[in-house]
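Engineer: One predicted model, sequence on top.
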Amino acid sequence: MILNEEQRLLRSTVADFLNREAPIEALRFLRDKEQALAWEPALWQGLCELGAPAVAQPEQAGGLGFGAMGMGALMIEAGRRLSASPLVSSAIFAQAVIRLCGNATQGDRLSPGLMSGENVATVACQEGTHFQPQPTQCRRDADQLSGRKTMVLDAGSADYLLVTARDQNGALCIGRLACDAAGVTITPHRFMDGRQYATVELIDALVDEWLQGEQIAVGFQRALDETTIMLSAEMLGGSRELLERTLAYLQEREQFDVKIGTFQALQHRIAEAYCQLELAAASVYSALSAIDADSDALSEHASRAKALTGDIYQHLSNEAVQMHGGMGVTDEMDIGLFLKRSRVCNQLWGDSAFHKDRFAALRGY
Amino acid sequence: MILNEEQRLLRSTVADFLNREAPIEALRFLRDKEQALAWEPALWQGLCELGAPAVAQPEQAGGLGFGAMGMGALMIEAGRRLSASPLVSSAIFAQAVIRLCGNATQGDRLSPGLMSGENVATVACQEGTHFQPQPTQCRRDADQLSGRKTMVLDAGSADYLLVTARDQNGALCIGRLACDAAGVTITPHRFMDGRQYATVELIDALVDEWLQGEQIAVGFQRALDETTIMLSAEMLGGSRELLERTLAYLQEREQFDVKIGTFQALQHRIAEAYCQLELAAASVYSALSAIDADSDALSEHASRAKALTGDIYQHLSNEAVQMHGGMGVTDEMDIGLFLKRSRVCNQLWGDSAFHKDRFAALRGY
Amino acid sequence: MTERDLFRQEVREWLEAHCPVSQRQPIIREEQIWAGSRVAFSSEEAKAWFEAMRDRGWTAPTWPTEYGGGGLDTEQARVLEQEMIRLGCRPPLYDMGLWMLGPALLNFGSEAQKTTHIPRIVRGETRWAQGYSEPGAGSDLASLTTRAVDDGDHFIVSGTKIWTTRADVADWIFCLVRTDPDAPKRKGISFLLIDMHSAGITTRPIALISGESEFCQTFFDEVRVPKNNLVGALNQGWEVAKELLKHERKLMATMETITEKIDVGLVELAKSRLPMTDAGHLANTDLRTRMAEHLMQADALNDLNELIYGGMKTGQFDPAIPLTLKYIGTREQQRKDELMLEILGVDGLSMTSGKPDLDRMVRNWAYNKAHTIAGGTSEIQLNIIARRGLGLPE
Amino acid sequence: MTERDLFRQEVREWLEAHCPVSQRQPIIREEQIWAGSRVAFSSEEAKAWFEAMRDRGWTAPTWPTEYGGGGLDTEQARVLEQEMIRLGCRPPLYDMGLWMLGPALLNFGSEAQKTTHIPRIVRGETRWAQGYSEPGAGSDLASLTTRAVDDGDHFIVSGTKIWTTRADVADWIFCLVRTDPDAPKRKGISFLLIDMHSAGITTRPIALISGESEFCQTFFDEVRVPKNNLVGALNQGWEVAKELLKHERKLMATMETITEKIDVGLVELAKSRLPMTDAGHLANTDLRTRMAEHLMQADALNDLNELIYGGMKTGQFDPAIPLTLKYIGTREQQRKDELMLEILGVDGLSMTSGKPDLDRMVRNWAYNKAHTIAGGTSEIQLNIIARRGLGLPE
């Protein structure tokens, strides 16, 4: 990852903050609470004070101007520590949807709250158990929305929803609704990664406003691709952490009177995983650059980054459990938390199979 | 592989004969001849004298009554030595097609010649570069056949062809034609496995007779499945030979002052390959039993045996080349001959991808 | 009708008569009947099934009748197993004593030890835990440090054991302890039976990634153990341990086979939950191929098991083959779990959804990660296959 | 416009002007221009392209102009490489001297050796072979046994070298020879330049599985070599060899990258030969997924190369990363070859069909099996990654 001076400084500031305020114990603390909270308020407040939700936005729009590369560096750090916050749901996805699918007035009105962290929004775009980019069942009827959305990040703790639906002509539309609007039922669940996801039930729910951008379908695809790339950066961070923890264990643990890291079979497996990790990393970095460069090939970049990081994150989490031996399957070690996070990430916005299929289609075969 | 007393005796007789008459040098000799011969006449004559083409047929039909299990044991031995003969094309495939697609009269008339080896027949059922079980382009018009068949085993040296085609109603029909009949052009090629395959061009070729069985489509599918299983047995033999040669090399070759077989990374790779090999072997044996038991699930057995042996034969050939180091890529070693044979076998009657797809379809998903 | 056929018929009829329909459903972890003073049954029918099997000695089919076992020969035991699988009967009893200690005691135990412990194991009256692993010694079992010091007619045991399955509810534990700290690693080890109610024993459950805590760490603080609880000779415990490990591996392989047969089918799960094409194929083609690959391997593993059984009778198989079973079986179980998770999608991401079937599947996915570690890691299995099976040099 | 941009523009214009269209096609093995006294050109345009590059010293862009090199700095060389890739220019010259010996000579050679050999390498006048491997010593290079015995102002060399690329047509060979048989393995080795026309040298071509025989075994029978052909100090040959090996690995990685860019596209090949669905997807879904997996890796490998280049400039990358390139590059090349074979089906099963394009593809499939063996096996690469890159203990 090649960063400029400012981006490097940002990364180390964020890393210091997260080490202090959001080590992995913070996730355990969140997970073990009775209520399915989406994030710790203090952590989110601290991130907002650092300007995290505004990192990627250009300075003229009130952002910090670090671009996608800066935000990606931040997500990698968050992924290393499994930090739970509405960065992905609100600061990345919701902001991108408003920017790319709303008109200028909507952007000017809604972005500042998301950028400051004063508001938290989340995008409800999935229906059913497996992600598909197009809503099929959620329908617009005049100014009302009806349908059922699944795996909506952080919805139980957000201020408002951005809901994808079909209008009467079958075109994509995106409605904004307060989470407590009439006709909206939000049922939060804690998934195995310790975070909160919700099922959102809409019955003739009155929409506050429809996003009025000129190219909603194109804009939404782009927002989705950007978010997928940012999630891939998080997954890359998790993978790196797994590799490093496993290497440390291999260097420390003794069996049969030698360090287990001397076993050639383990050396080759970890070396192969490292190769895959660096390939995935290179894909993520070039995908982040592609966001900043406003590339036409963003979907291909997103699918490649997501599939490669998805595969290596899952593979490395299995390898890490295995190489940690008995300790790897205990909840006392953190390895299991990464294992679970990797599986949840795999399902978000298309699993590896989905993205391989999409990659092939984008390549025209 | 669990054989009875007689089958064990048969196996060792055949093994002795092949060691004497058809070691791998025999294949090199065949391969390096200028003309693309299909087999060495002396080898075939010897096999016929042993009764090899009659091994599987029941005694009441004039066969030796060893069943598919006996023939499978023989094919494994042939696979270990890469023996080139018309066993697969004529003794197995053509005989099965006549038995299962012909009527009783045709069987009584044609089988004895194939069983004794006096006649050699071959089945022309493929069109194009990738196997599909249904002929689409080869057509029957009254008593004539037109079309183009590819990868027809041994056709350049056979007596007659059994050609699959569609009749005017779109139903499958199988015509028998002499190889030198008018309108038949046979172009033999030597493939990289040193054996002969031919392209067969039919232009209004006059058919000697049509197979008259009652259930041609069902019978042909069964004949194809039986043949695929027998080929899998050959592939299993090749895989076992590769494993054993590689193990021997690992035990003998020294690098860095130790046997390379002491390197744990190589030990684990070869151990994993061995596990896969034994799984493939178990599949082949149960598929052979399924032929003898006249099982309803023969197609599933055939696809499983072919895909598993196809994958392990190719994998082990790659591993064998790699573990033999520089010598593995020379033609002086036999490893490369197995490498090439594995790729040709993979294409015969459906590659691994084809059979995985068919297996899934047969399982109803 | 051969004698074997007659036996089969008798077994079949008896099972039909004595195994309630509810006990022919795939077993779930919560309904397993674990032996011991705290034995619990999920239903009256579960209890009846257990008691019927227990009273025939079929909880331990091949053990001698004089100690309460079923007295079957290998052939008959195989028939019983096959018929139970055919009918889908649940295993009537779960216990480390049954699976591992019993065979070793029959081999190495004193007459007094056999008479005391074997009948109670068969009848499920004592629950046994295994005290092999220690925190510092994983695959390298022989480097254990729990010590048993000679104190006249007792040993004084101090140290800690880990992965003691449900030691918190066990009645007894069989342990490897170091009785000669100066001897070479494997030479100074003895095999001891220890009453879990002895003074000085404490246990601490270990939370697993599946959310369960069925394993414990057990601490021994100067625990007094009568010397007649020594199995085999002093400092010869490694021989007993090897015998047990053999049974453990066989057990792991068998359990995989049984599990596979009675488990939820991937194909049905996928068809009921995922989009299909007009041709009736899974629309997710990548998943479809990987399912085919796994199912082929799982079928082949069943074939391989049959082959080993047939081969044992006729002597026609490579003795290296059985060494592969644990490695393959656990690998395929994990592949299956991963495929299942993919099929479930969002529904496979929680262990606490409140839907028992889903939660159980996801917990099993996490739990089964231990299969390639416990009872000899996959790496150890591959070492054994390569060296003992294929003859490669150390 | 920066200086770099100006240079790029100049290079681009020069290449446009001097590289004939025929020399912008993907290179095939038969048309490679190998240096030496028997140099041959497939066409007049091939010759013209070679001569144009030679005369600018761009056959060796970064070598000093005083020895005939291009005198470019790293940055400029990178621009030249990028522009050549962009235009699809064929490499103008192939030679072991160019790739491996030259850099080592510039580093370790005497002034006389440089003046004698470097300009002739740049101009493609001598073809060099590499004499490293021996039949008994594969990856374990240092165990070589070819001996050079002191005989006043000459060495007397005896032994045999294998994998000497086209030694049968080479003019010179650079060899590792043992000059002190009593010293530890790596200490008694020296680096010698040997004229292939010397008395006592014979060569035997080795047939490869691809049907070609571009490698030889070379036998030295008391060959007299002048002592001023010793490069570096006596018994210090291992240092020179290490330097060369570094260049070999870099070369392998670079060649993969270049090959990938100008190669036949898998997607086009598949689309032109295989059935497609109505949606325009490959009907063979298993192949389709595996192609996607390979193409993603291949793209990622390009990204990784860019990253390393960018990282070298800014110091922002893990020095372990470049160690991965050979392993990944050769693996993906072989995966690609296998996919190609599957796509070709029956057409991919012969090396002698008489259709040159097909035969070449199949021969390459076989030939490229050597990529994971030559220049440091994949196993050695993984050792290096694990130990040097990731810091795992030996």
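Structural biologist: Cool, the structure landed.

Engineer: give me every residue that touches A:Leu27.
Structural biologist: A:Arg81, A:Leu82, A:Ser83, A:Ala84, A:Gly194, A:Leu337 (Cβ atoms under 8 Å, 6 or more residues apart in numbering or on different chains). From N, CA and C alone the C-beta is placed, and that goes for glycine too.

Engineer: what's the answer for C:Cys89, then?
Structural biologist: C:Leu15, C:Cys19, C:Gln23, C:Arg24, C:Trp49.

Engineer: Now tabulate the contacts of A:Leu27 in a markdown table and tack on pLDDT.
Structural biologist: Converted to a markdown table, the contacts of A:Leu27 look like this (pLDDT from 0 to 100):
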| residue | pLDDT |
| --- | --- |
| A:Arg81 | 96 |
| A:Leu82 | 97 |
| A:Ser83 | 95 |
| A:Ala84 | 95 |
| A:Gly194 | 96 |
| A:Leu337 | 98 |
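
Engineer: Which of those sits closest to D:Arg178?
Structural biologist: Of all the contacts of A:Leu27, A:Arg81 has the smallest distance to D:Arg178: 55.1 Å, by Cβ to Cβ.

Engineer: still on that earlier bit, switch the contacts of C:Cys89 over to JSON lines; also include secondary structure, neighbour count and distance to chain D.
Structural biologist: Converted to JSON lines, those look like this (DSSP: H, G, I helix; E, B strand; the rest coil; neighbours: other Cβ atoms under 10 Å in any protein chain shown; distance: Cβ to the nearest Cβ, whole Å):
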{"residue": "C:Leu15", "secondary structure": "helix", "neighbour count": "20", "distance to chain D": "43"}
{"residue": "C:Cys19", "secondary structure": "coil", "neighbour count": "22", "distance to chain D": "43"}
{"residue": "C:Gln23", "secondary structure": "helix", "neighbour count": "26", "distance to chain D": "42"}
{"residue": "C:Arg24", "secondary structure": "helix", "neighbour count": "17", "distance to chain D": "38"}
{"residue": "C:Trp49", "secondary structure": "helix", "neighbour count": "24", "distance to chain D": "45"}
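
Engineer: So which of those is the closest to C:Arg86?
Structural biologist: C:Leu15 (8.7 Å).

Engineer: so the closest one sits right up against C:Met84, yeah?
Structural biologist: Yes: with contacts counted by Cβ atoms under 8 Å, C:Leu15 reaches C:Met84, the gap being 6.7 Å.

Engineer: tell me the contacts of whichever residue of chain C sits closest to chain D?
Structural biologist: For chain C and chain D, the shortest gap (Cβ to the nearest Cβ) falls at C:Thr285, measuring 3.5 Å. Contact analysis of C:Thr285 by Cβ under 8 Å, 6+ apart lists A:Asp357, D:Thr285, D:Asp286, D:Arg288, D:Thr289.

Engineer: Any part of the host helix or strand of A:Leu231 near chain C?
Structural biologist: Of the helices and strands defined by DSSP states H and E, A:Leu231 is found in helix A:216-252. No: applying Cβ under 8 Å from any Cβ of the partner chain, one finds helix A:216-252 out of contact with chain C, separated by at least 11.6 Å.

Engineer: Show me what counts as buried in that helix.
Structural biologist: Within helix A:216-252, the residues scored as buried using 16 or more other Cβ atoms under 10 Å in any protein chain shown are A:216-217, A:219-243, A:245-247, A:249-250.

Engineer: Likewise for stretch C:197-213?
Structural biologist: So stretch C:197-213, judged by 16+ other Cβ under 10 Å, has buried residues C:Ile201, C:Thr203, C:Ile206, C:Leu208, C:Ile209, C:Ser210, C:Gly211, C:Glu212.

Engineer: Kindly report the same for stretch A:180-187.
Structural biologist: A:Ala181, A:Val184, A:Ile186.

Engineer: now swap in stretch A:205-214 and tell me
Structural biologist: In stretch A:205-214, counting by 16+ other Cβ under 10 Å, buried: A:Ala205, A:Leu206, A:Val207, A:Trp210, A:Leu211, A:Gly213.

Engineer: Okay, and which of those map to strands?
Structural biologist: The strands, defined by DSSP state E, take in A:Ala205, A:Leu206, A:Trp210 from the buried residues of stretch A:205-214.

Engineer: give me phi/psi at the residue of chain C closest to chain D?
Structural biologist: phi -70, psi -30 (degrees, to the nearest 10).

Engineer: Also C:Phe219?
Structural biologist: phi -110, psi 130.

Engineer: got the residues of the stretch 151-300 of chain C near chain A?
Structural biologist: Counting by Cβ under 8 Å from any Cβ, the residues of the stretch 151-300 of chain C near chain A are C:162-163, C:206-211, C:273-274, C:284-287.

Engineer: domain parsing for chain A?
Structural biologist: Annotated domains of chain A cover A:5-116, A:121-210, A:216-362 [automatic domain parsing].

Engineer: Just give me how far the longest one sits from the chain centre.
Structural biologist: Per Cα atoms, centre = their mean, to the nearest Å, the displacement of domain A:216-362 from the mean C-alpha position of its chain is 13 Å.

Engineer: can you give me the end-to-end distance of it?
Structural biologist: Separation of the first and last residues of domain A:216-362 by Cα to Cα, to the nearest Å is 20 Å.

Engineer: residue nearest the centroid of chain A?
Structural biologist: A:Leu231 (3.4 Å; Cα atoms, centre = their mean).

Engineer: Please consider this matter closed, and thank you.
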